[in-house]
Each structure stands twice: as C-alpha cells, then as structure tokens.
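Asker: following is a predicted model, sequence given first.
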Amino acid sequence: MQAETTRDIGVVALEWRGDSLALLDQRLLPGEERWLTLSTADEVFSAIRDMVVRGAPAIGISAAYGVVLAARSALESEDWLARIESAIENLAESRPTAVNLFWALRRMREPLAVVASALEAVEQLERQAVRIHQEDLAANLHMGALALEVIGRDAPEPISVLTHCNTGALATGGYGTALGVIRSLWKSGKLSRVYADETRPWLQGARLTAWELQRDGIPVTLNADSAAAHLMAGGSIKWVIVGADRITANGDVANKIGTYGLAVLARFHGVRFMVVAPSSTVDMQLASGRDIPIEQRTGEEVRAIRGIAIAPEDVEVFNPVFDVTPADLIDVIVTEKGVIEQPTQEKMVALFGGK
Ligand code: MRU
C-alpha cells in the first residue's frame, strides 16, 4: 500500500513497513496528521483499544500485523510458538464487537499449524497479513461496483445519501465499505451530496468522514445525529448507506450506535437502507444480533469532548458504542461475495454457507 495510490483509494490509515506498523493517529484528526510507529504486538493492542486505529476491517488488519510483530520479537526465543499464540490471545481482547478482529486472528493462526521454525513463522505470517490487507482493499472496490448496480436501478438522477460513523479508507484497508460505495457513486456521476451524521459520542462522522470526503472533493454536509429525522422528512435522502461490525446468520447487523435509529427512521420515511461490509464481517456462528457482544466504553467519552467537560463530572453515563439493526429493517446487504436484498437466514446461508 503506497502513498501514491491515495488519490484513487482515499487516505491511508495504516502502512506495513516490514519491521513495524505505521498508524495514522485517528484520535488527532482532523486537526493533526500524526503517524505512530509500532514495533510490538502490545503496542498494536493498545492502539486498537485506544482508538488510534478503528473501524472493523482496519482493526482486523492491524491485529494481523500485530501478530507478525509478535513473531519478529520471538525470533530468538525457544518458546517462539507459545509467545505468538499468547500475543494472538491478547490482541483478541482489544475490542469485542467487530468480528473482523477474530476473523483476522483466526486466519493468522493458519500458518502456525504448518511452520517448523520461528523464521518461517515470521515469513508466513507476514505473507498472510499482507494478503488480508490486500484482500480487504479488493473487496471494497468490488462492493463499490456491486452497490452501484443496485442503486443505479432506480436512480436516473444523482442522489443524496446519508451515512453514519466512518467507513472510509480510514476504517479499512483502503477505499472504504459504505464510503467506498459513496466514492463509486461520485465517480460515476450518480451522487449529488453526502450527509454525514456527526456520530456522537466519538464523532467519527465529524472528525473523520467529513475530513475524508472533503479531502477527496466529494460534496459533504455535516449534520447533528438528531437532525436525521428532519432531513429524511424533507425528502432529499434516497439511501442511508452504512457499514457493519458484525452481521449474524439471520442478517441482523451490529454497527455504530445510532445506526438502528436511522434504520427505523428510513423505513418510516420510505428511504432505502443499505449495509456494506466485506465477508470478514459476517459471523455465521451467531444466530441473531441478540448474541453480539456490545462494547461499552467509558463515560468520559460522553461527559467530555477532547477533555473539555460538557456534563457534570460525576453524572452516570450509558455508553454502548454499537447497536443492532434487525434484518427486517435492512433493504440490502452488499458484500464482495454478492448482494442480499431483504436479508433472511436462508439468503445468508445460501451466500455464506452454514456454521
Ligand atoms: O468504534 P469504531 O469507530 O471502530 O466503529 C466503527 C464503525 O462502527 C463502522 O461503521 C464499522 O466498523 C464499519 S467500518 C468499514
């Protein structure tokens, strides 16, 4: 992933440098573009937990490179395999909801079953991590094309869409999922404007999506989350397009807190609702969204913005950072393996197989 390609795929969130992982510190955007260089799996664990890097696919890719770093650190150790396995277990504790993390770590375990030395482990793990990274970018580009066909069916004129959170190049291996579809719409002349929910409490929409889209010259209007109903009632939004952190076997979708509310609003106003996610986000092991672990983060994220108090310092806070949208409220799920309209368990099993 070279910086020269950013014009086509958007900004880059992470770069593998052979002996380290460079991450664009998303906590500081849009004010400052600072890159951090990580050399250990523990540093990658902290970066995921603390939201230096976020977004389901980017978390999985970062964790994969974290495993490579663990293998490099264990090169001189007798117990290199145990040390790599323990790093994998630790990385799995970094965040609970996005299944891409566990999917990527499972894939990183595969080479370990066949390697005979620490050196071979480093080589094979690096190859696997780079593959995971490249596959994610390819999936995003393909999903952009698939979604274009669906939206293009009944959109003769350029349309306005609403998105939530950040699902762009910053959240993925490049280009983006929902934001990748939005990029594809723009490139093909089918987009007039993107409305970006600010996405309280962490403000991924305000800080990241608005920044990414402006950087790429795509018309964006930022709105408070609470403006979404009024916006849809006005009739200008044709599609809500969002990403996902986990999609269960019945087509339920966990995504950034607020997504469920948008799906309810979209159904009421006759606005279509699209979820865009690579197959690494699909968890056929879980029957429904009720089984998805929902991350709760610190109350500080709600009580303060960048350290400035906006609420009484001791007020109790409810801060689940994801919610579950039932399949019934979803018009289309787009993955690189294909598109599912009006998702059901039967359609999910047909595309992704059983458990
Ligand atoms: O808490 P975050 O910023 O990691 O949450 C990100 C989201 O909810 C995204 O919508 C989701 O991961 C899809 S990213 C392509």
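Answerer: Here it is on my side, so go on.
Asker: for Ala229, which non-adjacent residue is closest in space?
Answerer: Nearest residue to Ala229, sequence neighbours excluded (C-beta to C-beta, 6 or more residues apart in numbering): Leu265, at 5.2 Å. C-beta here means a position set from N, CA and C on the backbone, and glycine is covered the same way.
Asker: quick one, what contacts the residue of the stretch 101-250 of the chain found nearest the ligand?
Answerer: Residue nearest to the ligand within the stretch 101-250 of the chain (C-beta to the nearest ligand atom): Gly243, separated by 2.8 Å. Going by C-beta atoms under 8 Å, 6 or more residues apart in numbering, Gly243 touches 55-56, 165, 167, 171, 176-179, 255-256, 275-277, 281.
Asker: now it. Nearest residue, chain neighbours left out?
Answerer: In space, Gly243 is closest to Thr167, 3.5 Å off (C-beta to C-beta, 6+ apart).
Asker: how about the helix or strand hosting the residue nearest to Ala229: buried residues?
Answerer: Per DSSP states H and E, Leu265 falls inside helix 259-269. Buried residues in helix 259-269, defined by neighbour count with 16 or more other C-beta atoms under 10 Å: Thr259, Tyr260, Gly261, Leu262, Ala263, Leu265, Ala266, Arg267, His269.
Asker: now the closest residue to Lys238 other than its chain neighbours: how far from Ile48?
Answerer: Excluding its sequence neighbours, the residue lying closest to Lys238 (C-beta to C-beta, 6+ apart) is Ile159, at 4.1 Å. Counting by C-beta to C-beta, to the nearest Å, the separation of Ile159 from Ile48 is 35 Å.
Asker: of those two, which one has the most company?
Answerer: Neighbours per residue, other C-beta atoms under 10 Å: of Ile159 and Ile48, the larger number sits with Ile48, 24 against 18.
Asker: look at that one and give its secondary structure.
Answerer: The local conformation at Ile48, judged by DSSP: H, G, I helix; E, B strand; the rest coil, is helix.
Asker: find the nearest non-adjacent residue to it, please.
Answerer: Counting by C-beta to C-beta, 6+ apart, Ile48 lies nearest to Ser94, which is 3.9 Å off, once chain neighbours are set aside.
Asker: cool, Val130 as well?
Answerer: Nearest residue to Val130, sequence neighbours excluded (C-beta to C-beta, 6+ apart): Trp16, at 6.6 Å.
Asker: which strand residues bridge Ile159?
Answerer: When bridges are called by DSSP bridges, Ile159 pairs up with Leu191.
Asker: contact partners for it?
Answerer: Applying C-beta under 8 Å, 6+ apart to Ile159 gives the contacts Ile151, Leu185, Lys190, Leu191, Ser192, Lys238, Trp239.
Asker: and this structure, which residues reach the ligand?
Answerer: Neighbours of the ligand within the chain, by C-beta under 6 Å from any ligand atom: 54-57, 98, 165, 167, 171-172, 177, 204, 243-245, 255-256, 321.
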